[in-house]
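Enquirer: here is a sequence with its predicted model. Questions after.
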Amino acid sequence: MITLLDYGAGNVRSVINAIESLGQKVKVAATGEDILSAAKLIFPGVGAFGSMMRILKARKFVEPLKAYLLTDRPFLGICLGLQVLFKNSTEAPDVEGLGFFPGTVKKFDIDLSVPHIGWNGINIKRPAYIFNGLTGNEKFYFVHSYHVVAEDTDAVLTTTDYGYEFVSAIQTGNIIATQFHPEKSGSPGLRLLKNFLETPSPPSGPITVSEGTHLAKRIIACLDVRSNDQGDLVVTKGDRYDVREKGAVRNLGRPVELARRYYEEGADEITFLNITGFRNFPLNDMPMLEVLRKTSRNVFVPLTIGGGIRDYTDINGHTYKALEVAAEYFRSGADKVSIGSDAVRIAEEYLKTGRKTGQSAIEEISRVYGNQAMVVSLDPRRVYVNSPDAVAHEVIKTAFPGPGGEEYCWYQCTIKGGREGRDLDAVTLARLCEKLGAGEILLNCIDRDGTNLGFDLELIRAITRAVSIPVIASSGAGRAEHFYDVFTATRAESALAAGIFHRREIPIAEVKKYLVGKVEIRP
Ligand code: 1PR
């Protein structure tokens, strides 16, 4: 029996699912006594250092945790579960950590996108049983803006390179903690967890000769989900956001099965978008939550969910906060949530008043779950103009003039799945959302969606220049070469596609095969 510490925020479901898939049972610690009596303890942490320590204190978990660590019984900390083992963090300077390891936690100070999101390698510094059965060349899934600075270098188990070398795992005795998420790292992650769950065996794991590690560009499979006219939840796919063909909603498969297929085919992440979320309210949409629950049972890469995440008042006058909707999604197995239409409204308000309210969905979700869990999905459409000052928006010079020979364009934000254009440009929206706490941008493009013409590189360049958070390029992938183009001609960290995968035109493995040796990827 494994005891798991659930302090109430983030996606512990994924960890439970991963452990159960390995044939073990999980007991969730409800009291300090559960911690003290645990034989093996896993502490998955997501969110922010300060709020996590406050919750641990309020639930009277701090002293039992410290006592458990001193007994040297098996312990596995994950992500924030590593960081809180240290004395303090610049994320919350006034808050004390558990102080088990001497050292501190600080924010990445680099000229690369932060958070560090995606699959990166590890330099193994000494043999450890948790790496038994691995080659040491595997990549693991990271998602964090802060990293530990360990004073006791003997405790450093692995390092990873991102701008500079940082500590990505630590071990002393039976206390092990990783910055990366084994439960989201596919089969190598499951192997590492399996090693932890079994009785520690002598380390036969590898020590890699460090040549530096590299963050892989991510290939993301996207599933646009909605009910068809018969009321079944289906994966559909639009052509410039029009998902109907001869009047009927295109049906390209079942969400749970397709997600599983993409995981097996090597997708680095999977995104579900409830594309009629603007009409319905997710908490009334139990089938969508069920899709997530079922998918997370056997898909061990990150899952993002979007559609309908906003404040909502039901017919009985009960108001729900977007944060509650997000919480339900996280509990059901999501690692990140994405907001589309509401992000535009929030940004418009922020632009008008110049003030953050602290109450918007973006601010609240990123405060509680960390900005790495808060994705903003943009649905822009290209609007041509004759000169850069024709409109009060961020205008770019385009290499593809408009129908009237216009040499400039701007990207108009839309809401409700492209049905309504707003007086706001995509560059401004992206900048404002970053300021409000978004940790990643999902950059769609209505003009390219479903066309197979390739990504809109001009749009992607404009947005990646404007923000320092990672950008997911989306819409228009038609050939493996398009992924190469987007990764070499822009700073996009990841590329998302739907139609070519659903229609089996180009499997994910073929895209990756094409990219091997040209672009860093997770094989
Ligand atoms: O506004 O917070 O409720 O979120 C709704 C979400 O649903 C938004 O993220 C929005 O992008 C998405 N959405 C709404 N309507 C549609 C539609 O297609 N009618 N889909 C829609 C957006 C775009 C991509 C697509 C790529 C790749 N789909 O996600 O998967 O363009 O396609 P391709 O590779 O086939 O070109 P809210």
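Expert: Ah, there it is.
Enquirer: what's the neighbour count on Thr451?
Expert: 16 (other C-beta atoms under 10 Å). Placement of C-beta: from N, CA and C, glycine included.
Enquirer: which positions in the stretch 301-450 of the chain make contact with the ligand?
Expert: 306-309, 338-342, 377, 379, 417, 444, 449-450 (C-beta under 6 Å from any ligand atom).
Enquirer: can you check the chain too?
Expert: That would be 222, 224, 237-238, 241, 243, 273, 275, 277-278, 306-309, 338-342, 377, 379, 417, 444, 449-450, 474-477, 496-499, which are the residues of the chain within reach of the ligand (C-beta under 6 Å from any ligand atom).
Enquirer: try 5 Å
Expert: Residues of the chain that fall close to the ligand, judged by C-beta under 5 Å from any ligand atom: 222, 224, 238, 241, 273, 275, 277-278, 306-308, 340-341, 377, 379, 417, 444, 449-450, 474-477, 497-499.
Enquirer: mark which of the residues you listed are part of helices, please.
Expert: 341, 499 (DSSP state H).
Enquirer: report how many residues lie close to Gly163.
Expert: 14.
Enquirer: gap between the closest residue to it other than its chain neighbours and His116?
Expert: Excluding the flanking residues, the one nearest Gly163 by C-beta to C-beta, 6 or more residues apart in numbering is Ile110, at 2.9 Å. Going from Ile110 to His116 by C-beta to C-beta, to the nearest Å gives 9 Å.
Enquirer: which residues do those two both contact?
Expert: Shared contacts of Ile110 and His116 (C-beta atoms under 8 Å, 6 or more residues apart in numbering): Tyr162.
Enquirer: okay, those two: which has more neighbours?
Expert: Legend: neighbour count by other C-beta under 10 Å for Ile110 and His116, higher for His116 (24 against 13).
Enquirer: show me what contacts the residue nearest to the more buried one when sequence neighbours are not counted?
Expert: The spatial neighbour of His116 that comes closest, neighbours along the chain excluded (C-beta to C-beta, 6+ apart), is Tyr162 at 4.8 Å. Counting by C-beta under 8 Å, 6+ apart, Tyr162 touches 108, 110, 112, 116, 120, 142, 215.
Enquirer: buried only: go through these for me.
Expert: 108, 116, 120, 142, 215 (16 or more other C-beta atoms under 10 Å).
Enquirer: tabulate the residues you listed in a markdown table, adding columns for secondary structure and pLDDT.
Expert: Shown next, in a markdown table, are the buried ones among the contacts of Tyr162 (DSSP: H, G, I helix; E, B strand; the rest coil; pLDDT from 0 to 100):
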| residue | secondary structure | pLDDT |
| --- | --- | --- |
| Phe108 | coil | 97 |
| His116 | strand | 97 |
| Asn120 | strand | 98 |
| Phe142 | strand | 97 |
| Leu215 | coil | 98 |
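Enquirer: between those residues, which is closest to the ligand?
Expert: Using C-beta to the nearest ligand atom, Leu215 comes nearest to the ligand of those, at 22.7 Å.
Enquirer: buried ones in stretch 175-187?
Expert: Neighbour counts using 16+ other C-beta under 10 Å place 175-186 of stretch 175-187 among the buried residues.
Enquirer: just the endpoints, please. Distance across it?
Expert: Length of stretch 175-187, first residue to last, C-alpha to C-alpha, to the nearest Å: 23 Å.
Enquirer: quick one: end-to-end distance for stretch 168-182.
Expert: 12 Å.
Enquirer: begin at 228, not 1, for the rest of this chat.
Expert: OK, 228 is where the count begins now, so the last one is stretch 395-409.
Enquirer: now it: average pLDDT?
Expert: Stretch 395-409 comes out with an average pLDDT of 97.
Enquirer: residue nearest the centroid of this protein?
Expert: Taking C-alpha atoms, centre = their mean, the centroid of the chain lies closest to Lys563, which sits 4.7 Å from it.
Enquirer: what packs against the helix or strand bottoming out on mean pLDDT in the chain?
Expert: Each helix and strand of the chain was given a mean pLDDT (mean pLDDT, DSSP states H and E); the minimum falls on strand 539-540 at a mean of 85. Strand 539-540 sits against strand 546-547, with contacts defined as 3 or more C-beta pairs under 8 Å, 6 or more residues apart in numbering; DSSP states H and E.
Enquirer: for the strand it packs on, which strands pair with it and how are they oriented?
Expert: Under the criterion DSSP bridges, strand 546-547 sits next to strand 539-540 (antiparallel) in its sheet.
Enquirer: contacts for stretch 743-750, please.
Expert: Counting by C-beta under 8 Å, 6+ apart, residues outside stretch 743-750 touching it are 346, 366, 441-446, 493, 495, 710-711, 714-715, 739, 742.
Enquirer: pull the distance from whatever helix or strand Arg240 lives in to the chain's centre.
Expert: Per DSSP states H and E, Arg240 falls inside helix 239-248. Distance of helix 239-248 from its chain centroid, counting by C-alpha atoms, centre = their mean, to the nearest Å, is 17 Å.
Enquirer: now do that helix, average pLDDT.
Expert: Helix 239-248 comes out at a mean pLDDT of 94.
Enquirer: which positions within it qualify as buried?
Expert: 239-246.
Enquirer: tell me the bridge partners for the nearest residue to Gly439 once chain neighbours are set aside.
Expert: Leaving aside its chain neighbours, Gly439 sits nearest to Asp388 (4.9 Å; criterion: C-beta to C-beta, 6+ apart). Applying DSSP bridges to Asp388 yields these beta-bridge partners: Glu392.
Enquirer: shaky segments in this protein?
Expert: 236-237, 432, 434-437, 505, 508-513 (pLDDT under 70).
Enquirer: for the ligand, see how far away Leu485 is.
Expert: Leu485 sits 12 Å away from the ligand, going by C-beta to the nearest ligand atom, to the nearest Å.
Enquirer: is it true that that residue touches Val462?
Expert: Yes: look at Leu485 against Val462 with C-beta atoms under 8 Å: they come within range, at 5.4 Å.
Enquirer: follow-up on the earlier one: now, which of the buried residues of stretch 402-414 sits nearest the ligand?
Expert: Lys411 (20.8 Å).
Enquirer: picking that back up, and the contacts of the helix holding Arg240?
Expert: By C-beta under 8 Å, 6+ apart, helix 239-248 touches 229, 231, 233, 253, 255, 269, 271, 305, 408-411, 416-417, 420, 424, 520, 523-525, 527, 557-560, 562.
Enquirer: please check these and keep the buried ones.
Expert: 229, 231, 233, 253, 269, 271, 305, 408-411, 416-417, 420, 424, 520, 523-524, 527, 557-560, 562.
Enquirer: which residues touch the residue lying farthest from the centre of the chain?
Expert: Most distant from the centre of the chain: Gly631, at 40.6 Å, with distances by C-alpha atoms, centre = their mean. By C-beta under 8 Å, 6+ apart, Gly631 lies in contact with 611, 613.
Enquirer: off-centre distance for stretch 713-720?
Expert: That offset, for stretch 713-720, works out to 18 Å (C-alpha atoms, centre = their mean).
Enquirer: that one: end-to-end distance?
Expert: Stretch 713-720 end-to-end distance (C-alpha to C-alpha) = 9 Å.
Enquirer: give me the neighbour count for Thr380.
Expert: 9.
Enquirer: mind checking how far it is from Ala719?
Expert: Thr380 is 36 Å from Ala719, by C-beta to C-beta.
Enquirer: repeat that for Phe327.
Expert: Taking C-beta to C-beta, one finds Phe327 at 38 Å from Ala719.
Enquirer: which one of those two is surrounded by more residues?
Expert: Remark: of Phe327 and Ala719, Ala719 carries more neighbours, 26 against 20, as counted by other C-beta under 10 Å.
Enquirer: could you look up the SS state of that one?
Expert: With DSSP: H, G, I helix; E, B strand; the rest coil as the basis, Ala719 sits in coil.
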